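Asks: Starting from these lines, generate the structure:
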Amino acid sequence: MRRLPALLLALLIVTSGCADYIPWLEQSPEPKTDSQTNLNPPPGANTQWIFDAERLLSAHESALAGMNYRKEVRIRPNHSVGSKEWANSTLVAHVGEERTRVNQQGDLPDYVGFRGSYEGYVANYTTMMKISREKEENRYRSMTNISYPIREDIENDSQMKRILSSSDFTWDGTTVRNGTRLYRYRASSHTELPDTQSLSATVFVDERGLIHELSGSLQTSGSRAVSVDFSYRYSAVESPPQKPDWVSNVPRITVHSESDIIAIEHEGGAVVPAGTTVVFSLFDPSNRSTRPYGDVELSKPLKPGDVAYLSVQGFEESGNGRLIADGEVAVNQPPANESAISLSNWTVWVDIGTENWTTRALDGSSGND
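Replies: Numbers count the residues shown, from 1 in each chain. Now for the predicted structure:
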């Protein structure tokens with residue numbers, strides 16, 4: 001079995017989402033035992049053990065790419081570990097055919113800069129979020145061509161992969177769940193997961209290699225040892241995710257730069273009011289320490305279908321060594337002055353915000369849905 005290099009267990013806990021309980025571990029009926037005839041174990045496994053976890057995980061990803069599915073992740077420590085808080089997340093996704101659509105919801109206290117429950121929607125290269133706080137108005141975010149945790153939750157199953165790849169899962173027969181034969185493998189006690197004293201887990205896999213469930217518990221090592229319950233579940237759903245109504249409360253922008261102009265296109269959603277400040281940054285891929293930034297103010301509203309054209313007149317060094325960019329912007333027409341510098345070698349970041357929403361974009365294709 002291929003072993004992964006040592007990684008902090010914190011990655012397992014923090015990035016997966018957590019909960020105060022694991023409902024299906026307490027409520028799901030035990031699947032009935034299947035007859036042991038005409039067996040066809042999943043890729044990377046046989047009737048002895050999972051001998052190639054990477055092959056199994058590749059088959060799992062291929063199966064997900066051809067279906068609409070629900071992914072549920074719950075992780076819970078069995079006793080207090082100080083001030084640490086835990087969260088949960090559930091998503092419905094369609095990923096594949098050069099297309100990504102996801103609805104997600106959960107509670108992520110003290111995570112990515114906010115507290116409270118959230119809803120998320122991903123459409124190809126754009127991620128949108130509605131964040132609900134107690135006694136406050138909803139706060140909305142939109143990000144295009146920017147990596148963000150709820151998108152990573154869809155495409156990144158590294159926590160589950162670590163468990164499967166760092167432990168010996170042995171054959172434990174087959175069961176039937178909802179008419180589907182599942183191959184059951186169990187791991188107990190020993191594991192090569194870093195900072196982990198012991199692990200007990202069960203995985204249910206169908207013949208394609210789709211992992212229907214991986215659940216169990218582990219005991220961490222060290223001075224602050226803790227017992228952690230975990231569960232990952234995947235199930236098919238009939239329809240792809242639909243765009244939620246609240247998406248209209250936040251504008252969605254894309255950014256494209258040519259040699260002498262930056263085009264900020266309003267793709268849909270709320271109107272950006274006149275007088276709103278547009279913050280822009282320039283990144284030099286060959287010199288990451290060079291990041292000029294500046295801001296301009298919209299003289300007109302930016303409505304769906306409108307384009308704001310931004311030119312950069314030059315840079316000035318600030319007192320702290322940062323470069324300040326001087327810019328001009330106009331809506332639906334070229335600015336009065338063309339850019340005084342070539343933008344060909346720069347990557348552009350644009351950030352626009354009000355009290356109720358923030359919209360951000362990196363230069364690139366939107367693929368909005």
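Asks: give me the beta-bridge partners of Thr359?
Replies: When assigned by DSSP bridges, Thr359 has beta-bridge partners Ser142, Ile352.
Asks: separation between it and Ser132?
Replies: Distance check for Thr359 against Ser132: by C-beta to C-beta, to the nearest Å, it reads 19 Å. Where you see a C-beta, it was placed from the backbone N, CA and C, and this is true even at glycine.
Asks: Please name the residues that touch Glu207.
Replies: 40-42, 181, 183 (C-beta atoms under 8 Å, 6 or more residues apart in numbering).
Asks: try it again with 7 Å
Replies: Contacts were defined as C-beta atoms under 7 Å, 6 or more residues apart in numbering; by that measure Glu207 touches 40, 42, 181.
Asks: okay, it: pLDDT?
Replies: pLDDT recorded at Glu207 is 97.
Asks: wait, is Arg162 part of a helix?
Replies: Yes. Per DSSP: H, G, I helix; E, B strand; the rest coil, Arg162 lies within a helix segment.
Asks: Give me the below-cutoff pLDDT ranges for the stretch 251-369 of the chain.
Replies: By pLDDT under 70, the low-scoring segments of the stretch 251-369 of the chain are 288-290, 319-321, 364-369.
Asks: 80 instead?
Replies: For the stretch 251-369 of the chain, the stretches with pLDDT under 80 are 258-259, 284-290, 317-322, 344-345, 364-369.
Asks: Strands along that one, start to end?
Replies: Per DSSP state E, counting those that start in this stretch, the stretch 251-369 of the chain carries strands over the ranges 252-257, 262-268, 277-283, 293-297, 307-317, 323-331, 347-353, 357-362.
Asks: one step back: of Thr359 and Ser132, which one has the most company?
Replies: More crowded of Thr359 and Ser132, by other C-beta atoms under 10 Å: Thr359, with 26 against 15.
Asks: ok, the more buried one - contacts?
Replies: Neighbour list for Thr359: 142, 250-253, 352 [criterion: C-beta under 7 Å, 6+ apart].
Asks: Select, out of the strands of the stretch 251-369 of the chain, the one closest to Met160.
Replies: Comparing the strands of the stretch 251-369 of the chain against Met160 with C-beta to C-beta, the closest turns out to be strand 357-362 (29.0 Å).
Asks: And the helix of greatest length in the chain, how far out from the chain middle?
Replies: In the chain, with assignment by DSSP state H, the single longest helix is helix 53-65. Centre-to-centre, helix 53-65 and its host chain are 19 Å apart (C-alpha atoms, centre = their mean, to the nearest Å).
Asks: How about residues contacting that helix?
Replies: So helix 53-65 is contacted by 1-2, 42-45, 50, 95-96, 161, 164-165, 205, 208-211 (C-beta under 7 Å, 6+ apart).
Asks: Helices along this protein, start to end?
Replies: For the chain, the helices defined by DSSP H cover 9-14, 23-27, 53-65, 149-155, 158-165.
Asks: wait, isn't Ser200 in contact with Thr191?
Replies: No. Between Ser200 and Thr191 there is no contact, the gap being 9.3 Å when judged by C-beta atoms under 7 Å.
Asks: which of these two has more neighbours?
Replies: Neighbour totals were compared for Ser200 and Thr191, and Thr191 leads with 20 against 15 (other C-beta under 10 Å).
Asks: what sits against that one?
Replies: Taking C-beta under 7 Å, 6+ apart, we find Thr191 in contact with 166-167, 198-199.
Asks: can you pull the buried residues of the longest helix of the chain?
Replies: Neighbour-count burial for helix 53-65 flags 53, 55-57, 59-61, 63-64 (criterion: 16 or more other C-beta atoms under 10 Å).
Asks: Same question for stretch 183-193.
Replies: 183-187, 191-193.
Asks: Distance to Gly294 added to those residues, as CSV?
Replies: CSV is the format used below for the buried residues of stretch 183-193 (distance: C-beta to C-beta, whole Å):
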residue, distance to Gly294
Tyr183, 58
Arg184, 59
Tyr185, 57
Arg186, 59
Ala187, 55
Thr191, 51
Glu192, 50
Leu193, 47
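Asks: Let me know the closest of these to Ala236.
Replies: Tyr183 (17.5 Å).
Asks: Verify the contact between that closest one and Asn40 for me.
Replies: No. Counting by C-beta under 7 Å, Tyr183 does not reach Asn40; the two are 8.9 Å apart.
Asks: residue ranges with poor pLDDT in the stretch 101-250 of the chain?
Replies: Scanning the stretch 101-250 of the chain for pLDDT under 80 picks out 101, 104-117, 132-138, 146-159, 189-190, 222-226.
Asks: residues contacting the residue lying closest to Asp260 once chain neighbours are set aside?
Replies: What sits nearest to Asp260 in space, not counting adjacent residues and going by C-beta to C-beta, 6 or more residues apart in numbering, is Ser339, at 4.3 Å. Ser339 makes contact with 260-261, 311-312, according to C-beta under 7 Å, 6+ apart.
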